[in-house]
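**Q** Return atomic coordinates for the entry below.
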Amino acid sequence: MGSQHSTLDDILAEDMHHWYNKFMRESPSGLITLFELKGILDLKGINEDANSYVEQVFFTFDMDGDGYIDFVEYIAAVSLLLKGEINQKLKWYFKLFDQDGNGKIDKDELETIFTAIQDITRNRSKEPDQIVALIFEKIDVKGEGEMTLEEFIDGAKEHPDIMDMLKNLMDLTPVLEIIVAGRPMAVKD
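**A** Predicted coordinates for the structure are as follows:
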């Protein structure tokens, strides 16, 4: 795992010209569509939850909401995920989890995202409903069955085990390596 992070650190240290060339090789138009992102990641035949997750990631990276990821959004997303401060990452996670955009995340939204992540990564170390139950048990102090951004950030920071779990579950390093390297993702059995 250490070699992946040093490789990504090396990638981030490269000059912008090199980053731009890699981006333009993948998308000569200078814009990546959702369809192109799925092609880059070789995500054919994924289930509905996994497809929904990829779409949610795309729209979270599409900061101006124009339906494309441009070079600036691409670099911002990569930098956030690899080098971002904890508050920035937690805000990004929250935006990703809040599928209906109502400013709160509930158990169903979290379970859908975690199921989708596991379908894509094939990492099933813990069942999504167990993960969600643990997060809500520790963070949803009011017992409302939903959390605001402030509750989510405060609760996650208060519980190092939850932070570690979120970091591991939400680690998009392999996806970013695929995008940067410009090669399709190998399917794991």
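**Q** okay but G145 is in contact with F136, surely?
**A** Yes: using C-beta atoms under 8 Å, G145 is in contact with F136, at 7.3 Å. Bear in mind the C-beta positions are built from the backbone N, C-alpha and C, glycine included.
**Q** mind listing what R124 touches?
**A** Counting by C-beta atoms under 8 Å, 6 or more residues apart in numbering, R124 touches Q118.
**Q** that's a helix at it, yeah?
**A** No: using DSSP: H, G, I helix; E, B strand; the rest coil, the secondary structure at R124 is coil, not a helix.
**Q** pLDDT weak spots in the protein?
**A** For the chain, the stretches flagged by pLDDT under 70 are 1-19, 40-46, 81-82, 120-123, 171-189.
**Q** the strands in it, which residues?
**A** 31-32, 69-70, 104-106, 146-148 (DSSP state E).
**Q** could you dump these to JSON lines with distance to F23 and mean neighbour count?
**A** Formatted as JSON lines, the strands of the chain follow (distance: least, C-beta to C-beta, whole Å; neighbours: other C-beta atoms under 10 Å):
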{"stretch": "strand 31-32", "distance to F23": "8", "mean neighbour count": "20"}
{"stretch": "strand 69-70", "distance to F23": "9", "mean neighbour count": "22"}
{"stretch": "strand 104-106", "distance to F23": "31", "mean neighbour count": "22"}
{"stretch": "strand 146-148", "distance to F23": "35", "mean neighbour count": "20"}
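**Q** Of all these, which one comes closest to D62?
**A** strand 69-70 (5.6 Å; C-beta to C-beta).
**Q** Provide the contact partners of the closest one at residue level.
**A** Against strand 69-70 from outside (C-beta under 8 Å, 6+ apart): G30, L31, I32, L37, F58, F61, D62, A77.
**Q** List the residues that contact the second one.
**A** Contacts of L31 were listed using C-beta under 8 Å, 6+ apart, and they are Y68, I69, D70.
**Q** And for the residue sitting furthest away from the middle of the chain, nearest residue in space, chain neighbours not counted?
**A** Computed with C-alpha atoms, centre = their mean, the residue of the chain farthest from its C-alpha average is K142, at 27.2 Å. In space, and not counting its chain neighbours, K142 is closest to E151: 7.7 Å by C-beta to C-beta, 6 or more residues apart in numbering.
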